[in-house]
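Asks: Provided below are the primary sequence and the corresponding predicted coordinates.
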2 protein chains.
Amino acid sequence: MIDILARDKFTDARRGILELPHGKVETPTFMPVGTNGTVKAILFRALENMGYRLILGNTYHLYLRPGMEVLKGAGGLHQFTGWNHNFLTDSGGFQVFSLSQLRKITPEGVKFQSHIDGSRHLFTPESVSEVQEFFRSDIQMVLDVCTPPGIEHKEAEEALKITTDWAKRAYTRWTQRDPSYEGKIFGIVQGNFYKDLRKRSAEEICSIDFPGIAIGGLSVGEEKEVFKEYLFHTAQYLPDEKPRYVMGIGTPDYMLEAVEAGIDIFDCVYPTRVARNSSVFTNEGMIALKNERFKTDYGPIDETCDCPVCRQFSRSYIRHLFKTKEILGPMLTTEHNLHFMYKLMEQTREAISLGAFKKFKADFLDRYYRGK
Amino acid sequence: MIDILARDKFTDARRGILELPHGKVETPTFMPVGTNGTVKAILFRALENMGYRLILGNTYHLYLRPGMEVLKGAGGLHQFTGWNHNFLTDSGGFQVFSLSQLRKITPEGVKFQSHIDGSRHLFTPESVSEVQEFFRSDIQMVLDVCTPPGIEHKEAEEALKITTDWAKRAYTRWTQRDPSYEGKIFGIVQGNFYKDLRKRSAEEICSIDFPGIAIGGLSVGEEKEVFKEYLFHTAQYLPDEKPRYVMGIGTPDYMLEAVEAGIDIFDCVYPTRVARNSSVFTNEGMIALKNERFKTDYGPIDETCDCPVCRQFSRSYIRHLFKTKEILGPMLTTEHNLHFMYKLMEQTREAISLGAFKKFKADFLDRYYRGK
């Protein structure tokens, strides 16, 4: 499913091509998050022009709204939304644990109440795979049990056991999919912040023949050094020949760490969420355009950026749009941030091909942190 | 300033080309409203692609935010916003009367408090022309006194007298502009809902050699028949060789009435404002996409529309975007509505050239009203 085109000499970084039902995706790649079947404040055609070929949709949200009747009627998520490249959809597990009320885990699955209207639902490993098949997701994720940092070993182990059991059941359900459906399924490694459990979860999940493997439960508020430690610790147990995905990371520094650990795919709401609060990436760190100091700054967001926003609009103008609460403000900052992320991954891929990833990462981060 | 290319045989409708500093504009034309130097929820490049070459900016808003320091520093409104075609800016008079606190009219001008921070300001006919010169507006409007419907004849006459006096002063100030500034200035006819005052105001304003004339104080809540009556009554006194502008109209039916009365330019927030509440134009009348009946309607907003939104997105999907409060909802409906307005004016211009305006209007309105 993934062709490795180049490997870095000094790290585990690798460059590849992912073959998916809606076309090829160059890796490492960042996935913009389209929770409700739209990446907030931007048109799909702009994402397509930037080069994106894989975005994320949230199963929990889409299952509740617009709901299965509407999505089935449309013929799936691509037809409904008009995005004709690949969708990865998550399992909804994380949202059940973070958004919904009164969730209850049983061996069968997880019962929860909608955060929108309080209606009651049951997600099982099988039903969630079926829902994602109805979406016609290019990559579906298995239902897992997400645990917060700080829990006891015993509790983390319990969650791990259920996660493995559910992964097997989801995989079995996926093997029984409709022959016309070509989407893949990824398993998810959990284990909280316990190294023995991370190892065990990785071994158990990798023993199932998933087309790809994800690392869950990281970047949930822990220190960066802890994140790195558990990322590298977990990544070493993943099979080299399969695509690897780390969920929930989307800052330049975390992404470059993940690339170094041999990760191919990541996603996060961060670049689009902070954009809506006027925060933008530059090669010299992040800036918040609302700030008074940009009032008469007629330069672009980033002098070195070639995105349509930086070619046409000034910091001063974008600051004005945020001060007047104009929708164009979030539209422009979202476009810039996603362009910045795409370019960063493009440069990363080139650096890997040139055998210069380590230097590229060091130079980028030196400038990025210094600018702050 | 306006070249009349064609005239309708049975009505006063006319087709022309307006020559402005930032290029030619085909008339009759609708101007999208860009209050804060952005047309809400849409990129300028989308407006440009549709064919728009003239949009409106609000002097009152821009004068207060970002303010003159920022706009002067940028070199004017075009440079600040990145819109490289024409801007018409209003005089701020209407906003002073509708938005600001504690306004006080004296012969000198109008004192008011900002609705944003309560700061105190004075607009005079001269200062407002100067402000618009700093904007580098392609068409500036004179400061006028706007009165609500229902006032006494005496009060309307007083307002008229000041409006005429201010128009003369604004015109004089405009003749003293910097030689590098090529923007035009339009006078505004007032007179409330009194026919003698409308006639008098038209005669007084037209006796000043403005490059163009606007009709103000209509479409302020009166019945459509009253609007039509006063529109046609006023229009008859306007010189044929100058561009004519009616302020504040932007529904298909009002626009077609105005075209019939020989009007060349109109503006209104209506198409963009209602779009943000999910209401869209179709050839069979307006529909509100939030409505339950569009839940599984996978057709486009308008089957006959060739805009990028109708080519790619369904009513069902756009309804979902509004139900989930996604920014993409207003983005798509705004794009469709402005495209619809542009096309309507394009068809109107063609109908005038073909000598078929009367039939075009009747057919369009018949279908438009029937669809409701």
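Replies: Great, that's in hand.
Asks: quick one, strands of the stretch 201-350 of chain A?
Replies: With strands called from DSSP state E, counting those that start in this stretch, the stretch 201-350 of chain A shows them at A:212-215, A:244-246, A:265-267, A:279-282, A:285-288.
Asks: any idea how many residues pack against the residue of the stretch 101-250 of chain A found nearest chain B?
Replies: Going by Cβ to the nearest Cβ, chain B is nearest to A:Ile116 of the stretch 101-250 of chain A, at 9.2 Å. Any C-beta I mention is one placed from the backbone N, CA and C, and that applies to glycine too. Here the count is done by other Cβ atoms under 10 Å in any protein chain shown, and A:Ile116 has 13 residues near it.
Asks: list the contacts for the nearest residue to it once chain neighbours are set aside?
Replies: Excluding the flanking residues, the one nearest A:Ile116 by Cβ to Cβ, 6 or more residues apart in numbering or on different chains is A:Leu64, at 5.8 Å. Neighbouring residues of A:Leu64 by Cβ atoms under 8 Å, 6 or more residues apart in numbering or on different chains: A:Ser114, A:Ile116, A:Ser119, A:His121.
Asks: A:Asn36: which of these is nearest?
Replies: Using Cβ to Cβ, A:Ile116 comes nearest to A:Asn36 of those, at 11.3 Å.
Asks: please report how far that closest one lies from A:Met68.
Replies: According to Cβ to Cβ, to the nearest Å, A:Ile116 and A:Met68 sit 15 Å apart.
Asks: with A:Ile42 instead?
Replies: Relative to A:Met68, and taking Cβ to Cβ, A:Ile42 is found at 26 Å.
Asks: which of these two has more neighbours?
Replies: Comparing A:Ile42 with A:Met68 by neighbour count (other Cβ under 10 Å), the higher total belongs to A:Ile42, at 24 against 14.
Asks: listing partners with orientation, what would you give for the helix or strand of chain A with the lowest mean pLDDT?
Replies: With mean pLDDT, DSSP states H and E as the measure, the helix or strand of chain A carrying the lowest mean pLDDT is strand A:101-105 (a mean of 83). According to DSSP bridges, strand A:101-105 forms sheet pairs with strand A:110-113 (antiparallel).
Asks: now the residue of chain A positioned farthest from its centre, nearest residue through space, not along the chain?
Replies: Relative to the C-alpha centroid of chain A, counting by Cα atoms, centre = their mean, A:Thr296 is the outermost residue, at 36.0 Å. In space, and not counting its chain neighbours, A:Thr296 is closest to B:Gly73: 4.7 Å by Cβ to Cβ, 6+ apart.
Asks: hang on, the earlier thing: now do the SS call for the residue nearest to A:Ile116.
Replies: Here A:Leu64 takes the helix state, with states given by DSSP: H, G, I helix; E, B strand; the rest coil.
Asks: that one and A:Ile55, how far apart?
Replies: According to Cβ to Cβ, A:Leu64 stands 19 Å off from A:Ile55.
Asks: same thing with A:Phe340?
Replies: Distance of A:Phe340 to A:Ile55, computed by Cβ to Cβ: 16 Å.
Asks: report pLDDT for the residue nearest to A:Gly371 when sequence neighbours are not counted.
Replies: Using Cβ to Cβ, 6+ apart and skipping residues adjacent in sequence, the residue nearest A:Gly371 is A:Glu284, 2.5 Å away. Note for A:Glu284: predicted pLDDT of 96.
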